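J.: Quick one, structure for this:
(2 chains)
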Protein chains: 2
Amino acid sequence: MSDGTVGRPRSIDPEEVSLVALRLFEERGYEAVSMDEVARAARISRRSLFRLFPTKGALVWGGLDGFGHRLAAALDTADPSGATEDAVRSAFRAAATFPPESVEVTRHRLRIIRANPALAAERPRAGIELAGLVAGFIADREGLAPDDLAVQVRGALVGAAASTALFWWSDHSQEAPEVVVDRALRVAARAPE
Amino acid sequence: MSDGTVGRPRSIDPEEVSLVALRLFEERGYEAVSMDEVARAARISRRSLFRLFPTKGALVWGGLDGFGHRLAAALDTADPSGATEDAVRSAFRAAATFPPESVEVTRHRLRIIRANPALAAERPRAGIELAGLVAGFIADREGLAPDDLAVQVRGALVGAAASTALFWWSDHSQEAPEVVVDRALRVAARAPE
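T.: Take a look at the predicted model:
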């Protein structure tokens, strides 16, 4: 990949660019920082920046996509025996197990999202999609209709517990995020800790 | 209140204006309808429209504010005896008891919000505020810290169950919305139906 400057091709690490951006957002506030400033600070062209991150929000949200991918993969390969709640909790535990080098960056992403409603607004469907994924899993596993009220509610409960846990962790805890998510899902399922 | 047209003062009913708008949004899509068109269809001036509804989203969301007000009032006057879950469920039941003449309008509001992520994005804090209200109630009642993980999660669970129930009701049910909300909160609390 090239940074668009003629005669000076160099490779651009998206992770590094988003780190530069997160630092700027924390120092000066998400709203106050422009994409031009991010490009300058990351020493890449505006065009290269937009190619990697089509929106300012993608610089923050992008790194969280792994959560959904890990969750979907873990649900797909869940142990078919045992209680549904246990299978769901174990899948969320896997999803919340971020690569070690991403744990603290993830904390910063979550804090910036929480501090900026405009950022949450960029992904209005994030929670609904998560809940829908879980509802689909529950329906399949228990032979229920996916649009059954109880199935929909159970999906939403798990999604809400996990997302509350992650934001809580980002502000309150030095434990591993997956430990906090596990604890929250036990509260939701009323399972002993 | 006047519509701003010199020499022709007449009273404007905000409920009626929002009904006109909801009908337009359903017919032609929320994004496709402009505030100018709403004003024309409601036969009021653009200025009067913006005085009543500062944003297009307010035409849809506005009618739902009663839910939060009823919830806060019911939690404030909750029976101090009995299980916390029962007090919370009964407060949500009261909140979801819309005035009879508003029930079907509420259904339309919810359907339009669900169909338009941009509308959900206009109130990114709605769910968080609801969950925070409940978490505060639980913390007070049980003498726990409001930022305790379990308290935060329990608040989020109830909020998610109620909001899932309302959207589900708007698409699936001819029952009273408070009956569906009550059922969803029993799923969340694992209480017998």
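J.: A:G63 is in contact with A:V103, isn't it?
T.: No: if you go by CB atoms under 8 Å, A:G63 and A:V103 don't touch, sitting 11.1 Å apart. The C-beta positions use only the backbone N, C-alpha and C, and glycine is treated the same way.
J.: So those two - more neighbours on which side?
T.: Shown here are A:G63 and A:V103; by other CB atoms under 10 Å in any protein chain shown, A:G63 has more neighbours (20 against 14).
J.: The more buried one and A:E16: what is the separation?
T.: 12 Å (CB to CB, to the nearest Å).
J.: same thing with A:G143?
T.: Counting by CB to CB, the gap from A:G143 to A:E16 is 48 Å.
J.: Looking at these two, which one has more neighbours?
T.: Remark: of A:G143 and A:E16, A:E16 carries more neighbours, 11 against 6, as counted by other CB under 10 Å.
J.: Identify the residues contacting the closest residue in space to A:D79 that isn't next to it in sequence.
T.: Using CB to CB, 6 or more residues apart in numbering or on different chains and skipping the chain neighbours, the partner closest in space to A:D79 is A:A87 (6.2 Å). If you count contacts by CB atoms under 8 Å, 6 or more residues apart in numbering or on different chains, A:A87 has them with A:75, A:78-79, A:137, A:141.
J.: chain center to the strand or helix carrying A:T164: distance?
T.: Assessed by DSSP states H and E, A:T164 sits inside helix A:149-172. How far helix A:149-172 lies from its chain's middle: 13 Å, per CA atoms, centre = their mean, to the nearest Å.
J.: So which bits of the helix or strand of chain A with the lowest mean pLDDT are buried?
T.: Lowest on mean pLDDT, DSSP states H and E among the helices and strands of chain A sits helix A:117-122, with a mean of 82. Buried positions in helix A:117-122, judged by neighbour count with 16 or more other CB atoms under 10 Å in any protein chain shown: A:119-122.
J.: before we move on, what about stretch A:82-101?
T.: Across stretch A:82-101, burial judged by 16+ other CB under 10 Å covers A:84-85, A:87-98.
J.: One more: stretch A:12-21?
T.: Buried-residue list, stretch A:12-21, by 16+ other CB under 10 Å: A:12, A:14, A:17-21.
J.: Within reach of chain B, which of the buried residues of helix A:117-122 are there?
T.: A:120-122 (CB under 8 Å from any CB of the partner chain).
J.: which among these gets closest to A:R154?
T.: A:R154 lies nearest to A:A120 out of these, by CB to CB, at 23.5 Å.
J.: If we ignore the residues flanking it in sequence, what's nearest that closest one?
T.: A:A120 sits nearest to B:P124 (CB to CB, 6+ apart), 4.1 Å away.
J.: same thing with A:A91?
T.: Residue nearest to A:A91 in three dimensions, not counting chain neighbours: A:A74, with 3.7 Å by CB to CB, 6+ apart.
J.: Look up phi and psi at the residue lying closest to A:R123 once chain neighbours are set aside.
T.: Leaving aside its chain neighbours, A:R123 sits nearest to A:W61 (5.9 Å; criterion: CB to CB, 6+ apart). Here is the backbone geometry of A:W61 (degrees, to the nearest 10): phi -70, psi -40.
J.: The residue nearest the centre of chain A: what's it in contact with?
T.: Centroid-nearest residue in chain A: A:L64, 3.0 Å away (criterion: CA atoms, centre = their mean). Shown in contact with A:L64 (CB under 8 Å, 6+ apart): A:106, A:109-110.
J.: Okay, and which of the residues you listed map to helices?
T.: Of these, the ones assigned to helices by DSSP state H are A:106, A:109-110.
J.: Throw the residues you listed into CSV and include pLDDT, distance to A:G159 and neighbour count, thanks.
T.: Compiled in CSV, these are given as follows (pLDDT from 0 to 100; distance: CB to CB, whole Å; neighbours: other CB atoms under 10 Å in any protein chain shown):
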residue, pLDDT, distance to A:G159, neighbour count
A:T106, 94, 18, 20
A:R109, 94, 18, 23
A:L110, 95, 15, 20
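J.: unless I'm mixing things up, the residue nearest to A:A120 is touching A:P117, no?
T.: Yes: B:P124 lies in contact with A:P117 (CB under 8 Å); the separation is 4.4 Å.
J.: returning to that earlier point: got a markdown table for the buried residues of stretch A:82-101, with secondary structure and pLDDT too?
T.: Below are those laid out as a markdown table (DSSP: H, G, I helix; E, B strand; the rest coil; pLDDT from 0 to 100):
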| residue | secondary structure | pLDDT |
| --- | --- | --- |
| A:T84 | helix | 94 |
| A:E85 | helix | 93 |
| A:A87 | helix | 96 |
| A:V88 | helix | 96 |
| A:R89 | helix | 96 |
| A:S90 | helix | 96 |
| A:A91 | helix | 97 |
| A:F92 | helix | 97 |
| A:R93 | helix | 97 |
| A:A94 | helix | 97 |
| A:A95 | helix | 97 |
| A:A96 | coil | 97 |
| A:T97 | coil | 97 |
| A:F98 | coil | 96 |
